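Colleague: Structure for this input, please:
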Amino acid sequence: MYTNPIFDDNFPDPTLLRAPDGWYYAYGTQTRRADGRIVNIQVARSRELTAWEFLGDALPAKPAWAAGTQKFWAPHVSEAGGRYYLYYSARPDAAPDGALALAVAVAAGPAGPFVDSGQPLLAGPGFTCIDPMAYDDPATGQRLLYWGSGFGPLWVRELAADRLGFAPGSTARALVQPSGSPDEDDDYHRLVEASWLHRGPGGWYYLFFSGNNCCGARAHYAVLVARSRHATGPFEVQKAPVVAANAHWQAPGHNCVLTDAAGQDWLAYHAIDVRRPTFAAIDDSEGYSRRALLLDRLEYGPDGWPRVAGGSPSWGPQPGPVTQSVL
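Modeller: Numbering: from 1, shown residues only. This is a model prediction of the structure:
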């Protein structure tokens, strides 16, 4: 049994990975710890997914091209050939008008230290180059990178064999477009970001993403989903959210999906605890949205669409994932 949150600290934009050493690793956006220490990319580990040990900084040395900034966001880590690849967003020192860039770093182990490749993978404009997620398509063998969006679409493009750049001759493809007006504060689909691709029941590719505003006084966030028969679309968007706010948890979003040892899918994501909504952030010492790490079971309805039970984050005790093989 467990009760949310599974990591009760500021741990935004989580991605979880099970490594060959038997540990689960979680990675989160840059933060300032209670002791004042700034951590560029957070990393923690767990045996059972519901209790986490904080390990420190997975990216202890900033890349030379972003050495003077404090915007290291939305990590995604994957393993290939015994090497670990960290994709993340950062603000280059020389970026015009604060534009962000996609980046990649490499390590020999899941806890790091990760070392940046030496240059941005793809830069700006604005907030278009954020929230990367790498996925190896079992159907085609393609190595794909998803990202976006800054009031633009979610994108996908094929990666090169070394995973440190894009495949020669490849082009980016828009997958999901925002809908409605940027001024419609209550529309989850007015801004879309935080892609996560998962191949689920029935051979469907589910593209989870988040919509609207993650943080601050006007936080209004939710996890959304689209699906396709192919990893690169076309995608059909489900209008109803996978998980949205309730009286206990505000602005849930930026998820990842993992499957436990019993074959059950789980949604890990961040949300704001209404009892403790802020913390002393790097750029807002007066208090900024404190996004804790949550975990909830995914259910697939008769129509095949996934949803968290009840449509909102759990807050009471519930059975946890099966993290050892079922005999």
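Colleague: Below-threshold pLDDT in the stretch 101-250 of the chain: ranges please.
Modeller: Per-residue confidence of the stretch 101-250 of the chain (counting by pLDDT under 70) places the weak regions at 181-185.
Colleague: Let's see that with 80 instead.
Modeller: 180-186 (pLDDT under 80).
Colleague: mind checking how far residue 270 is from residue 78?
Modeller: Counting by CB to CB, to the nearest Å, the gap between residue 270 and residue 78 amounts to 20 Å. C-beta coordinates here come from the backbone N, C-alpha and C atoms, glycine included.
Colleague: Neighbour count: these two, which is higher?
Modeller: Remark: of residue 270 and residue 78, residue 270 carries more neighbours, 30 against 17, as counted by other CB atoms under 10 Å.
Colleague: now the residue lying closest to that one once chain neighbours are set aside, which residues is it bridged with?
Modeller: Residue nearest to residue 270 in three dimensions, not counting chain neighbours: residue 291, with 3.8 Å by CB to CB, 6 or more residues apart in numbering. When bridges are called by DSSP bridges, residue 291 pairs up with residue 272.
Colleague: Let the chain start at 638 from now.
Modeller: That works, and once the first residue is 638, the last one we named lands at residue 928.
Colleague: pretty sure residue 928 contacts residue 909?
Modeller: Yes: using CB atoms under 8 Å as the test, residue 928 is close enough to residue 909 to be in contact (5.9 Å).
Colleague: Between those two, which is the more surrounded one?
Modeller: Taking neighbours as other CB under 10 Å, residue 928 and residue 909 compare with residue 928 leading, 32 against 25.
Colleague: show me what contacts the residue nearest to residue 907?
Modeller: Taking CB atoms under 8 Å, 6 or more residues apart in numbering as the contact definition, residue 928 lies against 647, 648, 649, 650, 851, 852, 888, 907, 908, 909.
Colleague: Of these, just say which sits nearest to residue 828.
Modeller: Ranked by distance to residue 828 (CB to CB), those are led by residue 851 at 9.3 Å.
Colleague: Next, work out how far apart the closest one and residue 860 are.
Modeller: Taking CB to CB as the measure, residue 851 and residue 860 are separated by 11 Å.
Colleague: Looking at those two, which is more packed in?
Modeller: In terms of neighbours (other CB under 10 Å), residue 860 is the more surrounded of residue 851 and residue 860; the figures are 28 against 22.
Colleague: contacting residues for the residue lying closest to residue 701 once chain neighbours are set aside?
Modeller: Distance criterion CB to CB, 6+ apart; nearest residue to residue 701, sequence neighbours excluded, is residue 755 at 7.4 Å. Residues in contact with residue 755 (CB under 8 Å, 6+ apart) are 700, 701, 702.
Colleague: tell me which element residue 755 is part of?
Modeller: Following DSSP states H and E, there is no helix or strand that holds residue 755.
Colleague: From the contacts of residue 755, keep the buried residues only.
Modeller: In the contacts of residue 755, burial by neighbour count holds for 700, 702, counting by 16 or more other CB atoms under 10 Å.
Colleague: Appreciated, that's everything.
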